[in-house]
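> Give me coordinates for this.
(chains A and B)
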Amino acid sequence: MPGIENTSLTSFYVTPQFYENTLADVKRMEDDFLPVSVERKDEAERVLLKEARLLDELRLEEWLSLYSKKCLYWIPTIPGGGDPRKEVSIAFDDRRRLEDRVYRIRTGYAYSQLPLSRTRRMITNIEVTEGSNENELLIRSNFCLHEFRVGVLRSFAGWTGYKLQKENDDWKIAMKMVNLIDSDQAHKNLTFML
Amino acid sequence: MTKWDWDYLIQDDRVHRFVYTDPEIFELEMRKVFGDTWVYLAHESEIPNVNDYKTTYLGLRPIIVSRDNDGVIRALFNRCTHRGATICRTDKGNTRNFICPYHGWNFSNDGRLNGVPWGRDGYGESFDKNELNLKQLAKVESYRGFIFGTISDDICSLQDYLGNAKELLDQWIDRYEGELVVRSSAHRMTLEGNWKFVFDNAADGYHVSFSHRSLLAVGERYNLEQDKDMTYFGKNPDRSPMYVQYLGNGHVFLDQRPMYNQVGDRWEQQRPQPGREAYEKTIREKFKEKAEDYLDWTAGAQMNLSIFPNLLIIGNQIQVIEPISVNQTQLTWYATTVDELPDEVNTLRMRSQEDFPAFGEPDDVANFAECQRGLSIPEVEWVMFNRGYNVPDRQTTDKRGVITAPVTDETPMRNYFQEWKRLLSVERRKVNCQE
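Got it, this is the predicted structure:
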C-alpha cells in the first residue's frame, strides 16, 4: 500500500484495530459529555446542519465530501450498536461502499430510488465533547426524519453518534452511527441516506 | 368445495392475478400452504440451551419455539388456553415457565398447564387441567439444525419432504469446516407485495440483468476486466452453464456455482466489502495455505435454494418469508456465522452479508410492490411464466424427476405453482409428499 491509500477503491483502513477504536468511541457516547467551548459547539453543529441540508436537497456528491477518506457510516440493527464483527448491520459502510451507495442511486436504475425519496430531517439535543485529542469531536444528537416516496409519508426517529476529525482546518465526519429506535425491526426501503 | 376453480387459476404457463391479490385465497393459503407443508420455524442455534425459546409465526399463527427442560424442541401455539392472550411477548429468552400476563395461568415450556391462580378451588368437577395444556403443532422435526413444523398430522417425514432439496442443503451446510450457526441479529424488511413474489424471484435468473441493473453497474465503477458477482448475467445468461431446477414438493433451485470453478474464484469475483484488502492481508499472513478457502468462505455460496414455502437459502444467509396479508410480506435475512472459523473470517462474512440486502434486494422489493399495483387492474388477468415453455430440447428431466432448464427459464414458477394448486385443491388435511 505505497503512498496515500485511495479509499474510493481499496479498504486497507478497516482493520481489526479500526473495529476496536470504533467500539471505544461508541462506549464514550454512553457517558456524560464534558462540555466544549461555545465556539467549538457551534462549529460542530454547523457540520451537522450542513449535512442534513445536503442530504435533504439530494446533493449527495457534496455530502460525500463532508466525510473523511477513512470514514464509517454505520446503521446497526442492534439498539446501541452491538459488536459489528459479530452482528449484521443495516449499513456498515467504509468510504468505498458509501461511494457505491451514491453511485448506485445515480445510475438511474436503482428502482428502489425511482422516484427518489424526498426527506426533511430535524436535529436536536446536540451534545458535543472532545475526542481523544483536540482535533477530534464526539457528538450525539436526536433526529426526526420524514420521508415521502410513492404516495406514502413515513417517519423515522433515533439518535446519531458522530466523530468529527479536523483535516486542514475543516471538520470532516469520520464516523456517523445512526441508531433508529426500531433498528431491530423490519423497514420498508432504507435506500435513502439516513 | 370452494368457489375457486384452481385449474382455471393455475394453468401450465400462466396464473391468474387473483392468486396474488385475493384476500380469501390468501386465507386459504395460510391454512393449506402454511400449515399442511413443513414450514421453516427457526434454527437450532437460536435456541442452543435447555429452556431457550424464540417467538415466530407459522403463517399468521404466533408460535413459541422452545427447547424444553428435557431438551426436546417444541412449537407451541402462543395462545393462552384460557382467554386467548399470547403468553409470550418477547422475541427470545430463557424460561422454564410461561405465565400468561392476563390472568396468570402458568404453563411449562413443554406446554403443560402447571396451574391456575389460587389453586383449583374456584373450579368445578368438569375442570380438567390436562385438557387445557398449550396446543402444539402436530409435528416438529429438524434437519441438520433447521427446525420445521406442520399442523398436518399425516404429512410425510421432514426428510422425505425436503426430498431432492436435501442434498443441496447438505452442500450448502458442508461448504465450511465448522458449524453454520445463527448468532447475529437479523436484517429485516417489509414489502408491499404478496409473499409469492419473493418465492417466484428466488429462482428467477431472468430478472437479474434488469431488476439489478444498478447493482451490476456498481461493479463497473471499478473498471476491472473480470466479472464481479452476478455481472455475468449481463451477457446472454442462457449461454452460461448456470441453470434452474424444479426439485419437487414445491422446492426450486438456481445454481450460479458453475461460474466459479476454482478455489479463490468466489473471493476474486465478490463485490468488495469493507475491510476487504486489510483482512485479506491478515488472513493470508496468518493462515497461509488455508487462506484461499477462508477468503472464499467469506463470499456467498452462489446457491439459491428455495424450500417451499418459506425458506430461502441465498448467499450465506437464511432468508425467511413471513406473509402478513395478501399484499404485505416481511422478509427476514438471518446472517450466519461459522463456529470454529477465525474471527477475521466471520467479521468479513458479516460485511459480505450486508451487500445484497442493501444493494440488490431493495430494487426487487420495489418491483414486487409495483407488480402488486399492476395486478390490481381487473381487465388484465394473467401473470405469465412462459419463458422456455414448449421450447423443444430446452429442459431435461432426470430419473429423480428433477427438471433442469437454462437459468432464465420460468420452469421453477410453472412447476411450484402446480404443487401450490395441489395443496389448495385438497379438501381435507391430508398431504402426501412426492418420493
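
> So what's the residue count around the closest residue to B:K281 other than its chain neighbours?
In space, and not counting its chain neighbours, B:K281 is closest to A:F12: 7.6 Å by C-beta to C-beta, 6 or more residues apart in numbering or on different chains. (C-beta placed from N, C-alpha, C; glycine too.) Close neighbours of A:F12, defined as other C-beta atoms under 10 Å in any protein chain shown, add up to 19.

> where does A:F12 land in three-state SS?
Classification of A:F12 using DSSP: H, G, I helix; E, B strand; the rest coil returns coil.

> ok, and does the longest strand along chain A reach over to chain B?
Secondary structure assigned by DSSP state E gives strand A:152-167 as the longest strand of chain A. No - against chain B, strand A:152-167 shows no contacts by C-beta under 8 Å from any C-beta of the partner chain, the least distance being 8.8 Å.

> what's the longest helix belonging to chain A in contact with?
Across chain A, the longest stretch assigned as helix under DSSP state H is helix A:38-56. Here helix A:38-56 makes contact (C-beta atoms under 8 Å, 6 or more residues apart in numbering or on different chains) with A:35-36, A:60, A:62-63, A:66, A:119-121, A:123, A:126, A:128, A:130, A:137, A:139, A:141, A:162, A:164, A:171, A:173, A:193.

> Which among those count as buried?
The neighbour-count test (16 or more other C-beta atoms under 10 Å in any protein chain shown) marks A:36, A:60, A:63, A:66, A:119, A:121, A:123, A:126, A:128, A:130, A:137, A:139, A:141, A:162, A:164, A:171, A:173, A:193 as buried among the contacts of helix A:38-56.

> I figured the third one hits A:M193, correct?
Yes - contact between A:W63 and A:M193 holds when scored by C-beta atoms under 8 Å: they sit 7.2 Å apart.

> Which residues does the closest residue in space to A:I139 that isn't next to it in sequence form beta bridges with?
Nearest-residue entry for A:I139: A:Y162, 4.1 Å, with adjacent residues in sequence omitted and distances by C-beta to C-beta, 6+ apart. Beta bridges link A:Y162 to A:I139, A:K176, judged by DSSP bridges.

> Quick one, grab the pLDDT at A:Y162.
Here the pLDDT value assigned to A:Y162 is 98.

> cool, B:N133 as well?
The score at B:N133 is 97. That number is its pLDDT.

> What of B:K430?
So B:K430 comes in at 54 (pLDDT).

> returning to that earlier point: among the contacts of helix A:38-56, which are in helices?
Among those, DSSP H puts A:L60, A:E62, A:W63 in helices.

> Please read off the pLDDT at the last one from the model.
In this prediction, A:W63 carries a pLDDT score of 98.

> how many neighbours does the residue lying closest to it once chain neighbours are set aside have?
Sequence neighbours aside, A:L54 is the residue nearest to A:W63 in space, at 4.2 Å (criterion: C-beta to C-beta, 6+ apart). Counted with other C-beta under 10 Å, residues neighbouring A:L54 total 18.

> Just list whatever residues bridge to the residue nearest the centre of chain B.
Nearest to the mean C-alpha position of chain B, by C-alpha atoms, centre = their mean, lies B:L311 at 1.7 Å. Applying DSSP bridges to B:L311 gives these bridge partners: B:I307, B:V320.

> you'd agree it is up against B:Y40?
Yes - the pair B:L311 / B:Y40 is scored as a contact, 3.7 Å apart, by C-beta under 8 Å.

> Please identify every residue contacting each of the two.
B:F146, B:V320.

> Could you check how far A:G108 is from B:L215?
According to C-beta to C-beta, to the nearest Å, A:G108 and B:L215 sit 13 Å apart.

> who has more neighbours, these two?
A direct count of neighbours by other C-beta under 10 Å for A:G108 and B:L215 places B:L215 higher, at 27 against 11.
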